[in-house]
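Engineer: everything below, folded, please.
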Amino acid sequence: MPLINQIKEDIKTSLRAGDRLKVSTLRMLVAAVQQKEIDSRKDVSEDEVILIIQKQVQQRDEAATQFKEANRQDLFEKESEEAEILKKYLPEKLNQEETIQIIEEIINSIGATSVKDMGQVMSQLKEKAAGKIDMKIASNTVREKLS
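Structural biologist: Below you'll find the model as predicted:
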């Protein structure tokens, strides 16, 4: 079942269960996906849905941090709970060993030898493991391997 259909089914289930926070969070997510479809004038792929979810989680985490600094515990908790709801739809992140293994495979396959080749390695990495790797950590690892 496509991820977006799973999300829509979960909205129905949450409506029946009376879980208002989950319903509103998932509706906002579906609206973001639909907006992306309208903007691009085509259906979004699974990878694009995952990227939208990641962006939504990041926005919630940033908002939660700001609310915590402003001593708004109620809003901090709401944003944190919304982020947790959305994280359930993201694929599991690869551990550091698996990430390093994929990076080494890519470096060997394209023959990367210096930091100048980092862009090629990173683009291959995005294609191969989009949504499964923390790209900040991956970037540092690639830089380390190519130095």
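Engineer: can we go C-alpha only for contacts and neighbour counts from here?
Structural biologist: Noted.
Engineer: quick one: low-confidence parts of this protein?
Structural biologist: Applying pLDDT under 70 to the chain flags residues 130.
Engineer: pull the longest helix from it.
Structural biologist: In the chain, with assignment by DSSP state H, the single longest helix is helix 46-69.
Engineer: packing partners for that one?
Structural biologist: Judged by 3 or more CA pairs under 8 Å, 6 or more residues apart in numbering; DSSP states H and E, helix 46-69 is in contact with helix 3-17, helix 20-40, helix 73-87.
Engineer: mean neighbour count and distance to Ile102 added to these, as CSV?
Structural biologist: Below are the helices and strands packed on helix 46-69 laid out as CSV (neighbours: other CA atoms under 10 Å; distance: least, CA to CA, whole Å):
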stretch, mean neighbour count, distance to Ile102
helix 3-17, 14, 25
helix 20-40, 16, 29
helix 73-87, 17, 23
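Engineer: those into TSV, with extra columns for distance to Ile107?
Structural biologist: Listed next are these as TSV, based on distance: least, CA to CA, whole Å:
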stretch	distance to Ile107
helix 3-17	31
helix 20-40	33
helix 73-87	30
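Engineer: these: which one's closest to Gln54?
Structural biologist: Across the helices and strands packed on helix 46-69, Gln54 has its closest neighbour in helix 73-87 (7.9 Å, CA to CA).
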